[in-house]
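Peer 1: no FASTA, just this:
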DNA sequence: CTGAAAGCGCTTACAG
DNA sequence: CTGAAAGCGCTTACAG
């Protein structure tokens, strides 16, 4: 059995004061005479006292712990966002208890529930594709929560979201400006609201002929699908990929097929992978402002914890289109122009 | 003020039993008659009871929370390892409270201390470069801990480490086998024990002329340093990079200098970045078995929590060298061989 | 089998 | 200013 740690009682005993007084001193609350203050402080350091935050949490009904649930960690957007969430936690003097949903609504529900049983003061959730049950659970628990992206609107929560419509419009404008018409959008999770918005925006755009391709987890369908879409007179001239992993597989597949970028096809990638600037050619990407997202989420959550009744905020953040070498005029326009000369 | 949640007392009241009996039923402990069991179960679901894990933790002096401290999240090795740590947490029925040290010994100490005040049952630590104070703190707290890598031996802790010496020997053997002699090792944190082992192994190897280059955070010294090391008759023919970010900068710099891989210089990268297979040429890398590391850490920690007195374990895991296109014979041997014909 | 009671380590009104 | 006491929501011997 582990030797039990010194408690506030031990401090009080050694300092010859009451537990209440010791508590006041250590928390800088109430008014205590200098003499006793010194006594308590000395006693605490002498015996190496460290407050038990579990006891304090129980008593105060406030844990200073924020629950954080995300689908995963190990891809560009998620790891950058996760790091930003943890970096902000220190600023706001909270700990974070993180759980992974794996994108599975059932696990999401269970793990958020486990967070609730831990009495977290608030929740930051990056939802799965079907978050309805989890959102109901959170709403009904009355625990302050902010939902990050992947959901459009919900009056019950503060929401930080990216303006996916604007981002997609930027991408389209860029490609159309270069002369592209047949554009292939490769998505991984067509169910995600995020993806649906992007798809809808693409389909609604004027002057282009968009196609959508949903990939599987193993991406083994990609070579066949891409070689088909990239051949013939209706071949697509530009590809938009929906996330880093998708981008990686697409590039690999294109290389395998011997298709050149941007000569044979242009590429725009959502997310900004760390290697985006490294590949040849460097990638045109849609950058996600992960630091700003995390900061906004924390700020909203802290405000909500402080004032449960204030009106909900929906913050919309703008992505940034970074144009690099992976996009250029389509081959046909280049040839056409050349033949004109 | 948030509406207070139903407690065990509410369940007991509604079921018409004592709190102790309700507790027994809900925890599946003790022997309770079927009639009362049903009563309690029904009452609990009726009022939507959810156990308060903070209260339980205080009473049991066991939180089922593991503290996890790492320098960062957003680079390949760390994000893969972090994800693996979280994935295992569910299996072992613990939550994880994660803090970031940023590689700074002072922050590391403070945040591990805050973990201790949260009464974590155990700690998984990826140490900073000067972890002595933190290690003392943990040892003195008697909280079970397992140290992951970056430390060679410490009888006070269970340790999971990678066999960096063997890994470096594999790299050297590979390069020497190809005919390389002048090898440059680009490191970012020369203080890290990990790095020191790698450097020592490199310097001790027979038949090569190794050089070490320590980069700064901004890597703005890299172009000058590399162009110097890669020119002249003593030019290095192979480069080993110490982590993903370093690798990224090195590749970018080489491209900027117009130096070809592997024609002008071969590259071996420690860590296995997600994009390792994607760049041209695909990278020869030393793969870190992140899943196995996390699994071993959890297993050791759980065993230590169960049996504090059992002897400490030091587990050593083997890296894997993945040979791809970024390494080949050095130019000079190729030219020499050609001229022989 | 069941209930009454102590206690985990704190904070916080409440008297004095 | 200070101390005695209640209580946060549980678990767990201990009687019966």
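Peer 2: Now that the structure is in, tell me what you want to look at. Keep in mind the model is a prediction, meaning the values are calculated, not measured.
Peer 1: strands of chain A, start to end?
Peer 2: A:65-70, A:95-100, A:122-125, A:145-148, A:158-162, A:182-187, A:209-214, A:238-241, A:266-270, A:284-287, A:314-317, A:320-322 (DSSP state E).
Peer 1: relative to chain B, which of those is closest?
Peer 2: strand A:95-100 (4.9 Å; Cβ to the nearest Cβ). For the C-beta atoms, the positions are set from N, CA and C on the backbone; glycine is no exception.
Peer 1: how about TSV for the strands of chain A, with mean pLDDT added?
Peer 2: What follows is the strands of chain A, written out as TSV (pLDDT from 0 to 100):
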stretch	mean pLDDT
strand A:65-70	98
strand A:95-100	98
strand A:122-125	98
strand A:145-148	96
strand A:158-162	94
strand A:182-187	96
strand A:209-214	94
strand A:238-241	97
strand A:266-270	96
strand A:284-287	96
strand A:314-317	95
strand A:320-322	96
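Peer 1: residue B:204 is nearest to which of the ones you listed?
Peer 2: strand A:95-100 (41.5 Å; Cβ to Cβ).
Peer 1: what strands line up against the closest one, and which way round?
Peer 2: strand A:65-70 (parallel), strand B:95-100 (antiparallel) (DSSP bridges).
Peer 1: need the winner for burial among those strands.
Peer 2: strand A:65-70 (a mean of 26; mean count of other Cβ atoms under 10 Å in any protein chain shown).
Peer 1: please name the residues that touch residue A:171.
Peer 2: By Cβ atoms under 8 Å, 6 or more residues apart in numbering or on different chains, the contact set of residue A:171 is A:240, A:268, A:286, A:321.
Peer 1: so what's the residue count around the closest residue to DNA strand D within the stretch 151-300 of chain A?
Peer 2: Using Cβ to the nearest atom of the strand, the point where the stretch 151-300 of chain A gets nearest to DNA strand D is residue A:156, with a distance of 23.3 Å. By other Cβ atoms under 10 Å in any protein chain shown, 13 other residues sit near residue A:156.
Peer 1: quick check, pLDDT for the closest residue to it other than its chain neighbours.
Peer 2: Excluding its sequence neighbours, the residue lying closest to residue A:156 (Cβ to Cβ, 6 or more residues apart in numbering or on different chains) is residue A:139, at 4.4 Å. We have a pLDDT of 95 for residue A:139.
Peer 1: just residue A:2 next, same as before
Peer 2: Confidence score, pLDDT, at residue A:2: 50.
Peer 1: quick one: stretch A:217-226 near chain B?
Peer 2: No. Judged by Cβ under 8 Å from any Cβ of the partner chain, stretch A:217-226 stays clear of chain B, getting no closer than 12.9 Å.
Peer 1: contacts for that stretch, please.
Peer 2: Contacts for stretch A:217-226 (Cβ under 8 Å, 6+ apart): A:213, A:215, A:246, A:249, A:250, A:253, A:254, A:256, A:257, A:259.
Peer 1: among those residues, which ones are buried?
Peer 2: Buried subset of the contacts of stretch A:217-226 (neighbour count, 16 or more other Cβ atoms under 10 Å in any protein chain shown): A:213, A:215, A:246, A:249, A:250, A:253, A:254, A:259.
Peer 1: output these in CSV; the columns should cover distance to residue A:221.
Peer 2: As requested, the buried ones among the contacts of stretch A:217-226 are exported to CSV (distance: Cβ to Cβ, whole Å):
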residue, distance to residue A:221
A:213, 9
A:215, 6
A:246, 12
A:249, 10
A:250, 12
A:253, 10
A:254, 15
A:259, 17
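Peer 1: quick one: which of those residues sit in helices?
Peer 2: Counted as lying in helices by DSSP state H, out of the buried ones among the contacts of stretch A:217-226, are A:246, A:249, A:250, A:253, A:254.
Peer 1: residue in the stretch 201-341 of chain A nearest to chain B?
Peer 2: For the stretch 201-341 of chain A, Cβ to the nearest Cβ, closest residue to chain B: residue A:275, 3.6 Å.
Peer 1: and the pLDDT at that residue?
Peer 2: Residue A:275 is assigned 83 on the pLDDT scale.
Peer 1: correct me, but it touches residue B:279?
Peer 2: Yes. Between residue A:275 and residue B:279 there is a contact at 7.2 Å, judged by Cβ atoms under 8 Å.
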